[in-house]
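**Q** The sequence and its predicted three-dimensional model are supplied below.
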Amino acid sequence: MNDAAPQNHDITRRDVLWTAGAAGAGIGIGGLGTGSASAAEQATARPQEAPAPKRQGRTMIGVPFQRRSTVRVGLIGLGNRGGSMIDLYLAVPGVRVVALCDPVKAKAESAAAKVIAAGQPAPAVYVNGDHDYEQLLRRGDIDFVHIATPWDSHFDITKAALLNGVHAGVECPASMRMDQLWELVDLSERTRRHCMQLENCCYGKNEMRVLRMAHAGKFGELLHGAGAYIHDLRGLMFDPKYYEGPWRRLWHTRLRGDLYPTHGFGPVANYMDVNRGDRVVSIVSVGTPALGLAEYREAHMPAGDPSFKESYIESDRTISLVQTAKGRVIRLEHDVSTPHPYSRINSLGGTKGVFEDYPERIYLEPDQHDDNWGDFSKYTDWDHWLWKEHANPPGGHGGMDYMLVFRTMQCMRLGLVPDFDVYDAATWSAPVPLSHLSLKAKGAPQQIPDFTRGDWHRSRPGVDSEKPSEA
Ligand SMILES: NC(=O)c1ccc[n+]([C@@H]2O[C@H](COP(=O)([O-])OP(=O)(O)OC[C@H]3O[C@@H](n4cnc5c(N)ncnc54)[C@H](O)[C@@H]3O)[C@@H](O)[C@H]2O)c1
């Protein structure tokens, strides 16, 4: 890692190529596989010192949803993620699933069958190719859309949702490119529709307990935290049936950097009130060689498999250090290509102690002393009201997926301000392009833009919400 500005780094002019006109108009750089620039060029299409573009609308901070008795939901992308999240929308009261879209007809039809089995009217189904989502979004009867498609298409579909007046919830990351993250901020402000990063890990039981303890001062003054996506995906990425095509593996041929930062970053950003009193200002990243996928392929794939044509450039482990305006440090890690038990690290430290997850343990003065970790299960009094009310939530990932859906739908039904907004989506996704740029610059720091354009000073609620007086 390098403190000083790089002397002989290899950022090319194309890495930083960007003009305000091109990004503002959304031209010159394609989505959904359009355009000719490489992913690496596109990821860094804004110079790191570029000032924030001029605001085109009013802030979306503190803007409540319009109240409604029933939330009408559409889902776009019904693979592993969309095909399981639909169960949770069907389990939450006051929600109707009205339309579904996936070019793979069998997936859309099987999701439609679930809607009917849940006793709701048959949903409209859109299966005619990669752009049929446009028809779904033009229907005029969708309040919220859940976008669970491969990463390349997140931006175009989210943009279309906002332009059609539909609140957008997009899977992680919101986009892989800096110019698109800014465009999402501008679009949300212009269209007055929320654009939410559907970051389920912010609703994890441990994450919410730590969040409440942090805000109550149990950790003292906050100093450092860490989050990660360490998940051995080698088997799934080489499984021809798991994903719809090899899109996820192919990102390892396209970009070096933290490809999936939001699961680790979102919760720690919440602990530290990022965009709510503090802000993240810079990131430095380093990466290991990329060896894991090629080694796995050699051992497990039959000779002649098309994957043998692929060259993996993504570091097996990327480690980034993010600094906040208040001087705190957040460590982010990404590794999906080596053997390792699943971990999001999820740690937080301050002047009064520290929490570390995987496995969960705590060391807080005056409760613990003599270097012996304490039992985190003794701190259940600090559980978030959502976890006190829903002790055994249905669905995957230990129940946090349900909490995300329940709370988002609750905010829409009751006309509340969402727990996070487009500024959080852009901030949590920004390490994708910026870690790439830092890696190329041999660890040189990159500025993280202030997507709030100065409003980060304002203290305001987020995931640490008050329980609404009505259900
Ligand atoms: N938050 C989480 O815990 C979590 C977990 C898994 C996946 N994800 C995210 O969900 C997204 C999807 O991942 P997945 O594992 O389900 O992948 P997948 O390949 O299983 O599913 C993607 C689906 O999108 C469909 N699709 C592709 N292009 C489309 C288009 N233009 N319009 C409509 N549908 C389209 C595909 O046919 C496929 O069914 C990714 O962004 C991933 O990062 C999030």
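**A** That came through fine.

**Q** Counting neighbours, what do you get for the residue in the stretch 251-400 of the chain positioned nearest to the ligand?
**A** Residue nearest to the ligand within the stretch 251-400 of the chain (Cβ to the nearest ligand atom): residue 397, separated by 5.9 Å. Any C-beta I mention is one placed from the backbone N, CA and C, and that applies to glycine too. Residue 397 has 16 neighbouring residues, counting by other Cβ atoms under 10 Å.

**Q** Residue 349 too?
**A** Other residues near residue 349 come to 19 when the count uses other Cβ under 10 Å.

**Q** Report whether it is found in a strand, as I expect.
**A** Yes - per DSSP: H, G, I helix; E, B strand; the rest coil, residue 349 lies within a strand segment.

**Q** So what does the closest residue to the residue of the stretch 251-400 of the chain closest to the ligand other than its chain neighbours have for phi and psi?
**A** Nearest residue to residue 397 in three dimensions, chain neighbours excluded: residue 200, at 6.0 Å (Cβ to Cβ, 6 or more residues apart in numbering). With angles defined as degrees, to the nearest 10, residue 200 sits at phi -60, psi -30.

**Q** Show the contacting residues for residue 200.
**A** 263, 397, 400-401, 403-404 (Cβ atoms under 8 Å, 6 or more residues apart in numbering).

**Q** From these, pick the one nearest residue 212.
**A** Nearest to residue 212 among the contacts of residue 200 is residue 403, at 13.9 Å by Cβ to Cβ.

**Q** and the stretch 201-350 of the chain, which residues reach the ligand?
**A** With the criterion set to Cβ under 6 Å from any ligand atom, the stretch 201-350 of the chain comes near the ligand through 243-244.

**Q** one more time with 8 Å, if that's ok
**A** 201, 242-245, 247-248, 260, 263 (Cβ under 8 Å from any ligand atom).

**Q** Once you drop chain neighbours, what's closest to the closest residue to the ligand within the chain?
**A** The nearest approach of the chain to the ligand comes at residue 79, 1.9 Å away (Cβ to the nearest ligand atom). Distance criterion Cβ to Cβ, 6+ apart; nearest residue to residue 79, sequence neighbours excluded, is residue 244 at 5.1 Å.

**Q** Look up how far residue 302 lies from the residue nearest to residue 137 when sequence neighbours are not counted.
**A** Once flanking residues are discounted, residue 137 sits nearest to residue 164: 4.3 Å by Cβ to Cβ, 6+ apart. Using Cβ to Cβ, to the nearest Å, residue 164 is found at 45 Å from residue 302.

**Q** Which one's more surrounded, these two?
**A** Counted by other Cβ under 10 Å, residue 164 and residue 302 do not tie: residue 164 has more neighbours, with 18 against 7.

**Q** separation between that one and residue 140?
**A** In terms of Cβ to Cβ, residue 164 sits 8 Å off from residue 140.

**Q** before we move on, what about residue 374?
**A** Using Cβ to Cβ, residue 374 is found at 54 Å from residue 140.

**Q** the more surrounded of these two?
**A** Taking other Cβ under 10 Å, residue 374 and residue 140 do not tie; residue 374 has more neighbours (16 against 8).

**Q** tally of neighbours for the residue nearest to that one when sequence neighbours are not counted?
**A** Once flanking residues are discounted, residue 374 sits nearest to residue 368: 4.1 Å by Cβ to Cβ, 6+ apart. Neighbour count for residue 368, taken as other Cβ under 10 Å: 16.
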